[in-house]
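pasting a predicted model and its sequence here:
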There are 2 protein chains.
Amino acid sequence: MNIPVTDLSEVLETREKILLASEKRFEFYGYNKTTMAEIADDLDMSAANLYRFYKNKKSIAEACVKRCIDDRLTALRSVLKKSGASASEKLSGFIQTSLEVSYEQLENKPKINELVISVSRESTELVMYKLENERQLLGELVKQGNQAGEFSVQDVEATASALHTSILLFDVPLFMGLYSLQEFRTMANQTTELLLRGLLARKGKEA
Amino acid sequence: MNIPVTDLSEVLETREKILLASEKRFEFYGYNKTTMAEIADDLDMSAANLYRFYKNKKSIAEACVKRCIDDRLTALRSVLKKSGASASEKLSGFIQTSLEVSYEQLENKPKINELVISVSRESTELVMYKLENERQLLGELVKQGNQAGEFSVQDVEATASALHTSILLFDVPLFMGLYSLQEFRTMANQTTELLLRGLLARKGKEA
DNA sequence: ATACTGAATATTTTATTGATTATTCACAGA
DNA sequence: TCTGTGAATAATCAATAAAATATTCAGTAT
């Protein structure tokens, strides 16, 4: 009931421990087959005590999904940080990484993948958080490309948004079951090429 | 039990009548709230008789969804047929039409939209039918653009596939709830521009 | 034989209940 | 006052039975 305030870092640490214990349970037994009592047992505390750190079970699931999203964003950010890489290479890496992370989740943590899909259906907030951040990263990427003289994009925001839309397939866990990794890679490469090359014949610049 | 063979056109006509009656029921009451008895009543026949024209209730639903898909494909095909339009305009129209058709379904026939989503989850066949045909249309569009000297695409198939991937957002009924039509239109325009313009600076040609 | 139906059967939903689990709360120990 | 718990309550799940519906089939009419 009371939100602890004495030692903030203590609280955060406990929240982290609860999250880790929950993730482990969710990963191997799934969300529904995991009980609050089990999570509490793993941590040698009472189930009631969990509620001092998380509003309810669903909010633990959301924290778990947010963690997945943040891991994903970290992976994507690291692509942008790669020094010595051109903007084109970064875009290619961005799309590839997006795909690999999505697919890896499906293959290695199917129960977590289910959780992500399920939570995403209900929490528009989390979905928007993910989309917003990804779009922003793409904006930075485009800006970098512009500054390097590699791209000549006028409206950076609009282009980032369009890029984001275009690579949606490699971003949505729900789609990962549709094709094999092999097929996805081919599609990712084709899409990357198209986005980089453009459809119009050479023609210098416009308006 | 026996498949009628006496008069093929008669049979097809009855199938069509059943489909129309079912569509009407599905549209207003939804698939689950529609009974075979009701469909039969609407047509002044017995429920048993429906099984002489459709394998079961699900196959009626599939026929209904296929009809939606075919309507969609017809709309897209008509974009390609527009004489006097450039390939760029056709691509723009293709994407716009894809969006409008998807959104219209969500807005005006939500129960049908649900049915499409539900059937699509189970029937990979229908999904692939739709995707295959759309991809093929995009292939034709690209070819037209090439022949007109407007595009200079080397691998037409790969590019069509990439284009298709890129406009996925405007193609999947499931996504239609995410944004308003207004927002979708903006995104569609941005994506169209990106796909047409390309990211790379002027640079004439490659390889 | 072919088209069709009513009645029989099989399958799927709904309702009900008991058991499990999530959540709250009043209280105990620092 | 803050951290925590056991026990009470509320919500959800699982199992079963009852009802509704889908599907089949034997048989009638043409």
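That came in fine, so what should we check first? Just so we're clear, the structure is a prediction, and the values are computed from it rather than from any experiment. Numbers count the residues shown, from 1 in each chain, chains lettered A, B, ... in the order given.

list the buried residues for whichever strand or helix holds residue A:73?
Per DSSP states H and E, residue A:73 falls inside helix A:57-81. Buried residues in helix A:57-81, defined by neighbour count with 16 or more other C-beta atoms under 10 Å in any protein chain shown: A:57, A:60-66, A:68-69, A:72-73, A:75-76, A:79-80. In this view, the C-beta of every residue, glycine as well, is placed from N, C-alpha and C.

same check, this time on stretch A:16-34
A:18, A:19, A:21, A:22, A:23, A:25, A:26, A:27, A:31, A:34.

can you tell me what sits against it?
A:38-39, A:42-43, A:50, A:53-54, A:60-61, A:63-64, A:67, A:109, A:111-112, A:114-115, A:118 (C-beta atoms under 8 Å, 6 or more residues apart in numbering or on different chains).

list the residues that contact residue A:36.
For residue A:36, the contact set (C-beta under 8 Å, 6+ apart) comprises A:47, A:50, A:57.

how close does residue A:9 sit to residue A:63?
17 Å (C-beta to C-beta, to the nearest Å).

now swap in residue A:105 and tell me
17 Å.

turn the buried residues of stretch A:16-34 into a markdown table, including secondary structure and pLDDT.
Converted to a markdown table, those look like this (DSSP: H, G, I helix; E, B strand; the rest coil; pLDDT from 0 to 100):
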| residue | secondary structure | pLDDT |
| --- | --- | --- |
| A:18 | helix | 97 |
| A:19 | helix | 97 |
| A:21 | helix | 97 |
| A:22 | helix | 97 |
| A:23 | helix | 98 |
| A:25 | helix | 97 |
| A:26 | helix | 97 |
| A:27 | helix | 97 |
| A:31 | coil | 97 |
| A:34 | coil | 97 |
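
could you count how many residues lie near residue A:50?
Using other C-beta atoms under 10 Å in any protein chain shown, residue A:50 has 22 neighbouring residues.

these two touch, right, it and residue A:40?
Yes: taking C-beta atoms under 8 Å as the definition, residue A:50 is a contact partner of residue A:40 at 5.7 Å.

looking just at contacts, which helices and strands does whichever helix or strand comes after the helix holding residue A:73 meet?
On the C-terminal side of helix A:57-81, the nearest following helix or strand under DSSP H and E is helix A:87-108. Where contact means 3 or more C-beta pairs under 8 Å, 6 or more residues apart in numbering or on different chains; DSSP states H and E, helix A:87-108 is packed against helix A:57-81, helix A:110-122, helix A:124-147, helix A:181-197.

quick one: closest of those helices to chain B.
Nearest to chain B, of all those, is helix A:181-197, at 3.8 Å by C-beta to the nearest C-beta.

quick check: angle from the closest one to helix A:124-147?
Put simply, helix A:181-197 runs at 50 degrees to helix A:124-147, going by axes from the mean of the first three to the mean of the last three C-alpha atoms, to 10 degrees.

okay, buried residues for helix A:181-197 please.
Buried residues in helix A:181-197, counted by 16+ other C-beta under 10 Å: A:184, A:185, A:187, A:188, A:190, A:191, A:192, A:193, A:194, A:195, A:196, A:197.

give me the subset of those touching chain B.
Within the set of the buried residues of helix A:181-197, contact with chain B (C-beta under 8 Å from any C-beta of the partner chain) is found for A:187, A:190, A:191, A:193, A:194, A:195, A:196, A:197.

and these, which is closest to residue B:124?
Distance to residue B:124 across those (C-beta to C-beta) is lowest for residue A:187, with 16.8 Å.

contacting residues for the closest one?
A:169, A:179, B:161, B:162, B:165.

swap the cut-off to 10 Å and go again
By C-beta atoms under 10 Å, 6 or more residues apart in numbering or on different chains, the contact set of residue A:187 is A:95, A:99, A:169, A:170, A:179, B:158, B:161, B:162, B:164, B:165.

of these - the most surrounded one?
residue B:162 (27 neighbours).

near DNA strand C at all, the helix or strand of chain A with the lowest mean pLDDT?
Least confident element among the helices and strands of chain A, by mean pLDDT, DSSP states H and E: helix A:8-29 (a mean of 92). No: figure legend: helix A:8-29 not in contact with DNA strand C (C-beta under 7 Å from any atom of the strand); closest approach 9.8 Å.
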